[in-house]
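Engineer: quick one, structure for this:
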Amino acid sequence: MANTRMPMAETKPVSPMAHGIAVFAGVIMIIAGAFQAVEGLAGIVNDQYLVVLENYFVAFDITLWGWLHLLVGVALAAIGIFLMRGQTWARVAGMIIAGISALLNFVWLPHSPWWSLLVIAIDILVIWALANYHREPAPQGTRAASS
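Structural biologist: Purely as a prediction, here's the structure:
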């Protein structure tokens, strides 16, 4: 009888550290997205509590920054949920939105330096974990040869 099995695509084995950090990345994306959404709401609702520096190279209104943070926060949380559900597209989307979040927080540094540095570090960790995580294909069950 001819061999009718399809060859499996070659994948690298999953590093336990990368797998653990990928799960951690999903959870952190959800939490960071929620925090970033709250930060965005603070900028939208009551922007007097945030410090605005004069002569900064990006002079947007704090309310606009609030909307940007809110949108990125919601996107981070949503992609984190899909990442935890095992969606493969969420890895690429997670890397993209984490990169956007890091850039957004880099520009946000003068307004909230410690928070921005923390979020940038978490975004870099998320990007590393999602870039190094290669899922091993599920083992296929063997069927007894029927004759």
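Engineer: quick check: longest helix in the chain by residues?
Structural biologist: In the chain, taking DSSP state H as the definition, the longest helix is helix 16-45.
Engineer: which positions within it qualify as buried?
Structural biologist: By 16 or more other Cβ atoms under 10 Å, the buried positions in helix 16-45 come out as 18-19, 21-22, 25-26, 28-30, 32-33, 35-37, 39-40, 42-44. Backbone N, C-alpha and C define where each C-beta goes, glycine included.
Engineer: residues touching the residue nearest to Trp115 when sequence neighbours are not counted, list them.
Structural biologist: Closest residue in space to Trp115, ignoring its immediate chain neighbours: Glu39 at 7.3 Å, by Cβ to Cβ, 6 or more residues apart in numbering. Glu39 is in contact with Gly66, His69, Gly73, Ser112, Trp115, counting by Cβ atoms under 8 Å, 6 or more residues apart in numbering.
Engineer: top of the residues you listed by neighbour count?
Structural biologist: Highest neighbour count within those, by other Cβ atoms under 10 Å: His69, with 25 neighbours.
Engineer: nearest residue to it other than its sequence neighbours?
Structural biologist: In this structure, His69 finds its nearest non-sequential neighbour in Gly40, 3.4 Å apart by Cβ to Cβ, 6+ apart.
Engineer: how much space between the one you found and Val119?
Structural biologist: 12 Å (Cβ to Cβ, to the nearest Å).
Engineer: in this protein, which helix or strand is least confident?
Structural biologist: helix 16-45 (a mean of 80; mean pLDDT, DSSP states H and E).
Engineer: tell me the helix or strand right after that helix.
Structural biologist: The helix or strand immediately downstream of helix 16-45 is helix 62-84, counting by DSSP states H and E.
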